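**Q** The following block contains a protein sequence and its predicted model.
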Amino acid sequence: MKILCVLYDDPKTGMPKSYALDKLPKIDKYPDGMTLPSPKGRDFNEGELLGCVSGELGLRKFLESNGHQLVVTSDKDGDGCRADKELVDSDIVISQPFFPYYLTREKMETAPNLKMAITAGIGSDHVDLQAAMDRKVDVVEVTYCNSRSVAEHIVMMIVSMVRDYHTQYAIVNNGGWDIADAVQRSYDVEGMHIGTVAAGRIGLDALRKMKPFDVHLHYFDRHRLPDTVEKELNLTFHESVESMVEVCDVVTINCPLHPETEHLFDEKMINKMKKGAYIVNTARGKICDKDAIAAALKSGQLSGYAGDVWFPQPAPNDHPWRTMPHHGMTPHTSGTSLSAQTRYADGVREILECFFDKKEIRNQYLIVQNGELAGMGAHSYSKGTATDGSEEAAKYKKK
Ligand code: NDP
């Protein structure tokens, strides 16, 4: 079989010769008891850079020794890109949310052999899920592999944005000691009302991680959490996003992107928020209206916006979130720490082993199977697609 793997570029200075840490901390299982990915083999050292082209997710030896062909590229956008050329006779496509290969209906139609799209990470909105259902292409992802990595990033972003860390760091780098400038937008998080849109793996973990800051915690989700969890965290449940955002100082967005959540945070929703609130969005860029966010930061309706997700990705060089005031944006990195890479590389191998051995893939990993939303997909997604506009990713020019 031919496996096309689309990954981000290697470091500009080449692959690392050594790493900051020799070993990763040992994690036995996820908080709900789910086991970590458990492939039969592994051809890399944990903690290595695996998500870039030369890292190859550690798959080459395994695939080639089993008679398969692996093609790895980062050339994924624009007419005539290598990924499009290789797709036409591929059986499996592997891509990542950090550097997504947008598998639109048009692209899928060029690939009659395509059987499966694997997301090396979580969030398969870069695949036209409706087209995958229509064409019976299965879609799977490595559920839980980086959920807790993202929750850590959310805490980092809430605290650094409310305290205005970015301004203070820049002052030091510029050789200054301008304390009044450094603190004129700096507050404590303690006592604030913090709310999450969705309390799934990431949302709930972010609530748990924020609890020791002595804040008031809120959530909105389509399904309510167990009573015991609500009591343990002293959570306020809201029947609607609107009712939650009216009372929160910080709103963190943690639902998948699908037709129900696309542009959920538009001008109307942002105007319902408490004046001067902060948003942290590590879910998907398209859940927010990019121009409405930039305008709200300029007017003061929002005090800050941070996140690592954009639409499309890579974000065009003139994307307003690169230059809007009071932002704390990073490229899409929260789920691709070296720690997470080991887990998603193991997860992709586990999925491939199951597929080749004709064994069932874990139900938690399924998004689309046999033409229907399945597993996590049936629980968390809705029918349709959210890939429209992804061709804009071709506008990005490398610096
Ligand atoms: P989960 O599936 O555990 O949680 C998703 C939650 O979103 C579920 O509780 C689901 O609710 C809820 N949800 C779905 N639709 C809605 C809606 N319309 N309104 C409110 N809640 C909704 O996934 P994770 O927590 O692990 O990941 C969530 C998302 O975060 C991913 O889909 C991905 O987009 C993003 N992500 C980002 C990463 C990054 O690197 N920045 C890495 C990993 C994930 P219910 O099931 O109750 O219906």
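**A** Structure received.

**Q** residues touching the spatially closest residue to D9 that is not a sequence neighbour, list them.
**A** Computed as C-beta to C-beta, 6 or more residues apart in numbering, the closest residue to D9 that is not its neighbour in sequence is S74, at 4.8 Å. For every residue, glycine as well, the C-beta is placed using N, CA and C. Residues near S74 by C-beta atoms under 8 Å, 6 or more residues apart in numbering: V6, L7, Y8, D9, C52, V53, F99.

**Q** quick check, nearest of those to the ligand?
**A** F99 (11.1 Å; C-beta to the nearest ligand atom).

**Q** Check the contact between the closest one and V6; I expect there is one.
**A** Yes. The pair F99 / V6 is scored as a contact, 7.1 Å apart, by C-beta atoms under 8 Å.

**Q** So these two - more neighbours on which side?
**A** The neighbour count for F99 versus V6, taken as other C-beta atoms under 10 Å, is higher for V6 (28 against 23).

**Q** got the residues of this protein near the ligand?
**A** 97, 121-123, 146-147, 150, 197-203, 221-223, 254-257, 260-261, 282-284, 308-309, 332, 334-335, 376, 379-380 (C-beta under 6 Å from any ligand atom).

**Q** all strands for this structure, in order.
**A** In the chain, the segments counted as strands under DSSP state E are 2-6, 69-73, 92-95, 116-119, 138-141, 193-197, 216-220, 235-237, 250-253, 277-281, 302-307, 327-329, 366-369, 372-373.

**Q** list the contacts for the closest residue in space to V159 that isn't next to it in sequence?
**A** Using C-beta to C-beta, 6+ apart and skipping the chain neighbours, the partner closest in space to V159 is V189 (5.8 Å). V189 makes contacts with I158, V159, V162, R163, M210, F213, V215, V250, as judged by C-beta under 8 Å, 6+ apart.

**Q** A306 versus V189, what's the distance?
**A** For V189, the distance to A306 (C-beta to C-beta, to the nearest Å) stands at 13 Å.

**Q** Whichever residue of the chain sits closest to the ligand: what's it in contact with?
**A** Closest residue of the chain to the ligand, C-beta to the nearest ligand atom: G200 (1.8 Å). Listed by C-beta under 8 Å, 6+ apart, the contact set of G200 reads S147, D221, N254, C255, S380.

**Q** okay, now the first one: neighbour count?
**A** In this case it means S147. Neighbour tally, S147, other C-beta under 10 Å: 21.

**Q** Then Q168?
**A** Neighbours around Q168, by other C-beta under 10 Å: 19.

**Q** and it, what does it touch?
**A** Contacts of Q168 (C-beta under 8 Å, 6+ apart): A182, V183, S186.

**Q** what is in contact with V189 and A306 at once?
**A** Joint contacts of V189 and A306 (C-beta under 8 Å, 6+ apart) are I158.

**Q** Check which residues of stretch 44-53 are buried.
**A** F44, E46, G47, E48, L49, L50, G51, C52, V53 (16 or more other C-beta atoms under 10 Å).

**Q** The last one against G14, yeah?
**A** Going back to what we said before, that points to V53. No. Counting by C-beta under 8 Å, V53 stays clear of G14, with 11.5 Å between them.

**Q** Quick check, M376 in contact with V139.
**A** No. If you go by C-beta under 8 Å, M376 and V139 don't touch, sitting 10.3 Å apart.

**Q** Can you redo the contacts of S74 as a markdown table, where the extra columns are pLDDT?
**A** Below are the contacts of S74 laid out as a markdown table (pLDDT from 0 to 100):
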| residue | pLDDT |
| --- | --- |
| V6 | 98 |
| L7 | 98 |
| Y8 | 98 |
| D9 | 98 |
| C52 | 98 |
| V53 | 98 |
| F99 | 98 |
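
**Q** Compute the mean per-residue pLDDT across stretch 36-48, please.
**A** Average pLDDT, stretch 36-48: 97.

**Q** picking up where we left off before, would you mind checking the residues of the chain next to the ligand for buried ones?
**A** 97, 121-123, 146-147, 150, 197-203, 221, 254-257, 261, 282-284, 308-309, 332, 334-335, 376, 380.

**Q** picking up where we left off before, measure the residue of the chain closest to the ligand to S18 for me?
**A** In terms of C-beta to C-beta, G200 sits 36 Å off from S18.

**Q** Next up, the contacts around the nearest residue to R105 once chain neighbours are set aside.
**A** Nearest non-adjacent residue to R105, counting by C-beta to C-beta, 6+ apart: A131, 3.7 Å away. By C-beta under 8 Å, 6+ apart, the residues touching A131 are L103, T104, R105, M108, V137, T385.

**Q** end-to-end on stretch 230-237?
**A** This stretch, stretch 230-237, spans 8 Å end to end (C-alpha to C-alpha, to the nearest Å).

**Q** Name the residues of it that are buried.
**A** E230, L233, L235, T236.

**Q** now swap in stretch 322-329 and tell me
**A** Those would be M324, H326, H327, G328, M329, for stretch 322-329 by 16+ other C-beta under 10 Å.

**Q** if we can go back for a sec, can you put the buried residues of stretch 44-53 in TSV and add distance to P31?
**A** Listed next are the buried residues of stretch 44-53 as TSV, based on distance: C-beta to C-beta, whole Å:
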residue	distance to P31
F44	26
E46	20
G47	22
E48	26
L49	27
L50	24
G51	24
C52	29
V53	33
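
**Q** Which two among these are spaced furthest apart?
**A** E46 and V53 (19.7 Å; C-beta to C-beta).

**Q** what touches both of M376 and V139?
**A** L366, I367.

**Q** And stretch 332-343, end to end?
**A** 17 Å.

**Q** quick check: mean pLDDT across it?
**A** 98.

**Q** likewise stretch 375-392?
**A** 92.

**Q** Pull out the buried positions in it.
**A** G375, M376, G377, S380, Y381, T385, A386, T387, S390.

**Q** nearest residue to the third one other than its sequence neighbours?
**A** Excluding the flanking residues, the one nearest G377 by C-beta to C-beta, 6+ apart is I367, at 3.4 Å.

**Q** for the stretch 101-250 of the chain, what spans make up the helices?
**A** 105-109, 129-135, 147-162, 165-173, 179-183, 201-210, 227-233, 241-245 (DSSP state H, counting those that start in this stretch).
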